[in-house]
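In: Below are the sequence and a predicted model; questions follow.
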Amino acid sequence: MALERLGPRVYAWVGTAGATNAGFILGDETVAVVDSLLTPTAARHLQQRIQGLSSRPIGFLINTHYHGDHTFGNQVFGSAAIVGHARTREGLLRFGAEQLKFFRGRQPLLAREFDQVRLTPPNLTVESGCNLFLGDLEVQVRHLGPAHTPGDLVVWVPDEGVLFAGDLIFNGWFPTAAEANIAGWVQCLSALEAFPVRLVVPGHGPIGGREVIRRLREYFEGVQVEVERARAAGLSWDEAVAKIQPGEAFADWQGSERHAAIVRRLWEPATSRRD
């Protein structure tokens, strides 16, 4: 993990090789943390770095969505108000055990870490969002609609021009979309393009500028068009996957095996979504 200072009061905790990103905002009176990472140990490391920079209490932890790599460290920030969308609280309560099983299978070397996880859902829920005031510093928390999950939140710090996008943005990686509403995702990205963004902290991948929002939107829109063409041509699912490729514009992205899952997500009926 690398700690990057993005402005006088905003820092990003950037995972290596596409691992989960987090961050924090230093207010005049309190600190707000964005996401708590995959394990309690990782969350404690983040907490220690914050405490090394500020003596102010950590007043808020904002969960951008319910997935375990963004919430399994929540318990470490137990004295803070944990802010999340109502569907994020619901998702962690309903699917948290399933998430633990998934990550155990994916990262067996962290089994002892996962044994320590105490599922800790948000205790302050929002629907459309809220504004947090860290002294005179305003932090805007917004739900723009179902996208990567039903309860995605973004965290916008207008005075710094910094957007914490959660998994609405994967930078340099094909996104995961197992339960995504991709049409909604495109709408959310279009809305984010209207923000006067200086820097974007994606859920995964390096810090970027506003162009990373546009690039992901264009990727999704291109795949949507190709899926509709494949349907109109009467192709089968297998034929569509073989035919629909990301294109040279995205040749530098990693995790190309996820592209077929995105095609499948667009192909399958909306009733299979968790929304």
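Out: Cool, got the structure. Worth saying up front: this structure is predicted, and the values here are computed from it rather than measured.
In: which of the residues in stretch 46-58 are buried?
Out: Of all the residues in stretch 46-58, those buried under the rule 16 or more other CB atoms under 10 Å are 46, 47, 50, 56, 58. (Glycine included, C-beta is placed from N, CA and C.)
In: Which of the residues you listed fall within strands?
Out: residue 58 (DSSP state E).
In: okay, the buried residues of stretch 46-58 in TSV with pLDDT and distance to residue 149 next?
Out: Listed next are the buried residues of stretch 46-58 as TSV, based on pLDDT from 0 to 100; distance: CB to CB, whole Å:
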residue	pLDDT	distance to residue 149
46	98	22
47	98	25
50	98	26
56	96	31
58	98	24
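In: quick check, nearest of the buried residues of stretch 46-58 to residue 240?
Out: Proximity of the buried residues of stretch 46-58 to residue 240 was ranked by CB to CB; the top entry is residue 46 with 41.6 Å.
In: Test my guess that that closest one contacts residue 37.
Out: Yes - the pair residue 46 and residue 37 passes the contact test of CB atoms under 8 Å, sitting 6.3 Å apart.
In: Given the helix or strand encompassing residue 155, what are its sheet partners and their directions?
Out: Following DSSP states H and E, one finds residue 155 within strand 154-157. Sheet pairing for strand 154-157, assigned by DSSP bridges, gives strand 137-142 (antiparallel), strand 162-170 (antiparallel).
In: What segments of this protein are helices?
Out: 40-53, 68-71, 86-106, 111-116, 182-192, 211-232, 237-243, 258-267 (DSSP state H).
In: Dump the strand holding residue 155 to CSV, restricted to CA.
Out: Taking Å, rounded to 0.1, in the frame of the first residue of the first chain, the C-alpha atoms of strand 154-157 are listed here in CSV:
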residue,chain,number,x,y,z
VAL,A,154,-19.3,8.4,-4.0
VAL,A,155,-17.5,10.9,-1.8
TRP,A,156,-16.9,14.3,-3.2
VAL,A,157,-14.6,16.9,-1.6
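In: joint contacts of residue 46 and residue 37?
Out: 13, 22, 73 (CB atoms under 8 Å, 6 or more residues apart in numbering).
In: Quick check: the first one touching residue 48?
Out: I take that to be residue 13. No - with contact defined as CB under 8 Å, residue 13 does not count as touching residue 48 (11.4 Å).
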